[in-house]
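Novice: based on what follows, work out the 3D shape:
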Amino acid sequence: MALSPWRGADYVGRVQDVTRPSETPDFLNHERPPVPDTVVPRAILPFHLEGRPVRGRLVRLGSLADALIARHDLPNDVSRLLGESLALAAGLAAALKFRGSFSLQAKGDGPVPMLLADCTDSGEIRGYARAEGSPQGEAGALLGKGYLAFTCDQGPDMDRYQGIVAIEGETLAEMTDSYFRTSEQLQAFVRLACRRSPQGWRATALILERVAAQGGLDGLDTEAADDAWHTASTLAGTITEAEMLDDALPSEQLLHRLFHAEGLLVDRPRALSYGCRCSRARLAGVLQGFPESDLDEMADNGLITMNCEFCNLAFRFDRAEVRGGAGRA
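Specialist: Predicted structure coming up:
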């Protein structure tokens, strides 16, 4: 994992710490904050089974999982849930043909009232979870009652697509299966895993989807298609958490173990990278929407501090330089 050369001082060499006030006007400062510059070149391995109505993705975040999760001081089970959501978001985004971002968001009344992970079409991934106290358990116990939303945002000129379902199930994989069944009317298999190893956090997702008969499968009758899907999902169910999280086991070899007798065809791998998109310019724009009285209350010794929940960095702004929204009470 390569780290940017930031160590808390205002400057390291010629590079400025963009979380602190500088001579550059805030609205012009779009520099990347001091976060890990981490890329996993073969993080997503798409595949399909020849002549069968099955396609899938194997997502293995590798060191990227630790770069994303370890920045947050979360209880172990909440960190595990965050890792699973990151792998899941990346796997679902990889199935779409779009320009923009795909997000997974859960809001509930449990001790983890907010969970969010998103991935862009170029593979930039980020996420965070908000926890109250030191909760333990699976996703159902952590999130409580609420909803799970899957959103594809293709920018201001395109309509957003969003599917929302009630939180149902004990695990995030079960909740996702409920989404596929109720919102997409699609058969799917989802297996998620996240654990902290001696090398740091690791997170993985195996996703299978049953596809329609088109695309060379028209000659497959319903019974044969049902049987092929049942066989593939049964084989996928034999995968172990140890296999999913084993850095020494290549993704191609893992898929071969599962599907070598089912016409496995592996597609081109895709990269994932650390993808927090915050900047002083973006946060300064948020501050300008507040009335002057609110900005005065936010200030502490002449500074306003805004935290990016994704990268867990505190950006400081001189109160004297921030102008609130005009005409607001």
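
Novice: buried ones in stretch 39-53?
Specialist: For stretch 39-53, a neighbour-count test (16 or more other Cβ atoms under 10 Å) marks V39, V40, A43, I44, L45, P46, F47, H48, L49, R52, P53 as buried. Backbone N, C-alpha and C define where each C-beta goes, glycine included.

Novice: mind naming the longest helix for this structure?
Specialist: helix 76-93 (DSSP state H).

Novice: what lies in contact with stretch 227-238?
Specialist: Here stretch 227-238 makes contact (Cβ atoms under 8 Å, 6 or more residues apart in numbering) with 49, 52-54, 56, 187, 189, 191, 206, 208, 210, 220, 258-259, 262.

Novice: among those, which are in helices?
Specialist: Those of those mapping onto helices are L258, F259, per DSSP H.

Novice: of the contacts of stretch 227-238, which is the nearest to K145?
Specialist: Among the contacts of stretch 227-238, R191 lies closest to K145 (Cβ to Cβ), at 24.7 Å.

Novice: I figured that closest one hits E174, correct?
Specialist: No: counting by Cβ atoms under 8 Å, R191 does not reach E174; the two are 10.8 Å apart.

Novice: can you name the two of the contacts of stretch 227-238 that sit furthest apart?
Specialist: R191 and L220 (25.0 Å).

Novice: next secondary structure element downstream of the longest helix of the chain?
Specialist: Remark: after helix 76-93, the chain's next helix or strand is strand 101-108, criterion DSSP states H and E.

Novice: quick one: that following strand to helix 76-93, angle?
Specialist: Here strand 101-108 points in a direction 140 degrees away from that of helix 76-93 (axes from the mean of the first three to the mean of the last three Cα atoms, to 10 degrees).

Novice: what's strand 101-108 packed up against?
Specialist: Identification of packing neighbours for strand 101-108 by 3 or more Cβ pairs under 8 Å, 6 or more residues apart in numbering; DSSP states H and E yields helix 76-93, strand 114-120, helix 139-143, strand 146-153.

Novice: rerun that using 7 Å as the cut-off
Specialist: helix 76-93, strand 114-120, strand 146-153 (3 or more Cβ pairs under 7 Å, 6 or more residues apart in numbering; DSSP states H and E).

Novice: right, and the ones you listed - which one's nearest N312?
Specialist: Of all those, it is helix 76-93 that lies closest to N312, at 12.0 Å by Cβ to Cβ.

Novice: how about A284, secondary structure?
Specialist: helix (DSSP: H, G, I helix; E, B strand; the rest coil).

Novice: okay, now it: neighbour count?
Specialist: Using other Cβ atoms under 10 Å, A284 is surrounded by 21 other residues.

Novice: distance of it from F315?
Specialist: Distance, A284 to F315, by Cβ to Cβ, to the nearest Å: 9 Å.

Novice: now do V54
Specialist: V54 sits at a distance of 46 Å from F315 (criterion: Cβ to Cβ).

Novice: ok, those two, which is more surrounded?
Specialist: Between V54 and F315, counted using other Cβ under 10 Å, the more crowded position is V54 (28 against 23).

Novice: could you chop this protein up by domain?
Specialist: For the chain, automatic domain parsing gives the domain ranges 15-35+277-321, 40-274.

Novice: picking that back up, only whichever of the contacts of stretch 227-238 are buried, select them in ChimeraX.
Specialist: To isolate the buried ones among the contacts of stretch 227-238 in ChimeraX, judged by 16+ other Cβ under 10 Å, type:
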select :49,52,53,54,56,187,189,191,206,208,210,220,258,259,262
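
Novice: take the contacts of stretch 227-238 and keep only those in strands.
Specialist: Of the contacts of stretch 227-238, the ones assigned to strands by DSSP state E are L49, V54, G56, F189, R191, L206, L208, R210.

Novice: so what pLDDT did the second one get?
Specialist: For V54, the model assigns a pLDDT of 96.

Novice: roughly how far apart are it and H256?
Specialist: 15 Å.

Novice: and what of the fifth one?
Specialist: The span separating R191 from H256 equals 17 Å under the rule Cβ to Cβ.

Novice: where does the stretch 151-300 of the chain have low pLDDT?
Specialist: The stretch 151-300 of the chain contains residues with pLDDT under 70 at 155-158, 213-219.

Novice: what segments of it are strands?
Specialist: Shown for the stretch 151-300 of the chain, the strands assigned by DSSP state E, counting those that start in this stretch span residues 161-166, 188-197, 200-210, 264-266, 270-274.

Novice: out of those, indicate the one that is most buried.
Specialist: A comparison of the strands of the stretch 151-300 of the chain by mean neighbour count, using mean count of other Cβ atoms under 10 Å, puts strand 200-210 on top with a mean of 25.

Novice: that strand vs strand 188-197, what angle?
Specialist: Going by the same axes, to 10 degrees, strand 200-210 makes 170 degrees with strand 188-197.

Novice: partner strands of strand 200-210, parallel or antiparallel?
Specialist: Next to strand 200-210 in the sheet, as set by DSSP bridges, lie strand 54-60 (antiparallel), strand 188-197 (antiparallel).

Novice: of those strands, which approaches D267 most closely?
Specialist: strand 54-60 (9.0 Å).
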